[in-house]
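kindly return the folded structure for what I paste below:
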Amino acid sequence: MKILARILIVVVVIIAIPLIMALFIKNEYTVEREATINKPKQEVFNYVKHLKNQDNYNYWTMMDPNLKKDFRGTDGTTGFVYAWEGEKAGKGEQEIKTIEEGERLELELRFIKPFESIANTEFTTESVAENQTKVSWKMEGQNPYPFNFMNLFMDNMLGKDLETSLASLKGNLEK
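I've put the predicted structure just below:
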């Protein structure tokens with residue numbers, strides 16, 4: 001009986017520690033990565049502003065080859081929606097909210113499955129040289145308590161996926 005009580009105490013402590021830690025962790029997270037692409041700024045921007053092109057470089061889209069997709073509106077313009085549903089990628093949609101031509105693209109990501117959440121994504125392009133462009137990809141969102149505990153791992157988890165996606169983007173554009 002003493003062993004069972006000790007096991008129960010250990011389990012309670014293991015559960016309590018993350019819950020207590022989550023009280024002190026911000027609900028918001030920001031993950032940002034960048035890559036330098038050897039192409040002119042406008043060419044790079046014109047490619048990333050078309051969401052259908054993400055099929056060629058976005059890690060999450062590429063990991064689920066049987067992804068069902070639905071498009072609403074005109075790609076590359078404000079209001080365009082790219083919706084997806086898949087076994088690995090879950091279900092959700094992204095909408096172009098703002099375009100500052102040649103500079104910045106803002107998207108709203110609405111995740112539906114396996115969990116509901118909203119995140120904001122931003123692509124920015126900056127000339128480094130005449131034929132060199134720095135692309136930044138930033139994702140911001142919120143996780144309510146106690147899920148905000150996951151924010152401790154967001155930079156590492158999402159960051160790797162953004163790096164993989166940006167490497168694919170660079171490879172595709174520099175071909």
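
where do the strands of the protein begin and end?
Taking DSSP state E to define them, one finds strands in the chain at 28-37, 68-72, 81-86, 90-100, 104-113, 117-129, 132-142.

center of the chain, which residue is that?
In the chain, the centroid-proximal residue (CA atoms, centre = their mean) is Met139; its distance is 5.3 Å.

residue contacts, it?
30-32, 109, 119-121, 158, 162 (CB atoms under 8 Å, 6 or more residues apart in numbering). To be clear about C-beta, it is placed using only N, CA and C from the backbone, and glycine gets the same treatment.

same check, this time on Ser165
Contacts of Ser165 (CB under 8 Å, 6+ apart): 57-60, 137.

returning to what we had before: from Thr77, how far off is the residue nearest to the centre of the chain?
Met139 is 22 Å from Thr77, where distance means CB to CB, to the nearest Å.

looking at the protein, which helix or strand is least sure?
Within the chain, no helix or strand scores below helix 2-22, which has a mean of 85 by mean pLDDT, DSSP states H and E.

if we can go back for a sec, which one of the contacts of Ser165 sits closest to Phe149?
Nearest to Phe149 out of the contacts of Ser165 is Trp60 (CB to CB; 22.3 Å).

any idea how far the longest helix along the chain is from the chain center?
The longest helix of the chain (DSSP state H) is helix 151-173. Averaged C-alpha coordinates place helix 151-173 at 8 Å from its chain's average position (CA atoms, centre = their mean, to the nearest Å).

hang on, the earlier thing: in the contacts of Ser165, find the pair that's most separated.
Checking the contacts of Ser165 with CB to CB, the most distant pair is Trp60 and Trp137, at 12.3 Å.

between the two, who's got more neighbours?
Per other CB atoms under 10 Å, whichever of Trp60 and Trp137 has more neighbours is Trp137, with 22 against 18.

now do the contacts for Val31.
Counted by CB under 8 Å, 6+ apart, Val31 has contacts 138-140, 154-155, 158-159, 162.

who does it form a beta bridge with?
Legend: beta-bridge partners of Val31 under DSSP bridges are Met139.

same check on Lys91?
Glu85, Lys113.

isn't it up against Phe115?
No: using CB atoms under 8 Å, Lys91 is not in contact with Phe115; the gap is 10.3 Å.

where does the protein dip in pLDDT?
The chain contains no residues with pLDDT under 70.

still on that earlier bit, list just the nearest of the contacts of Ser165 to Leu4.
Trp60 (43.7 Å).

who's in contact with the closest residue to that closest one other than its chain neighbours?
Counting by CB to CB, 6 or more residues apart in numbering, Ala89 is the residue found nearest to Trp60 once chain neighbours are left out, at 5.4 Å. Contacts for Ala89 (CB under 8 Å, 6+ apart) come out as 60-61, 63-64, 67.
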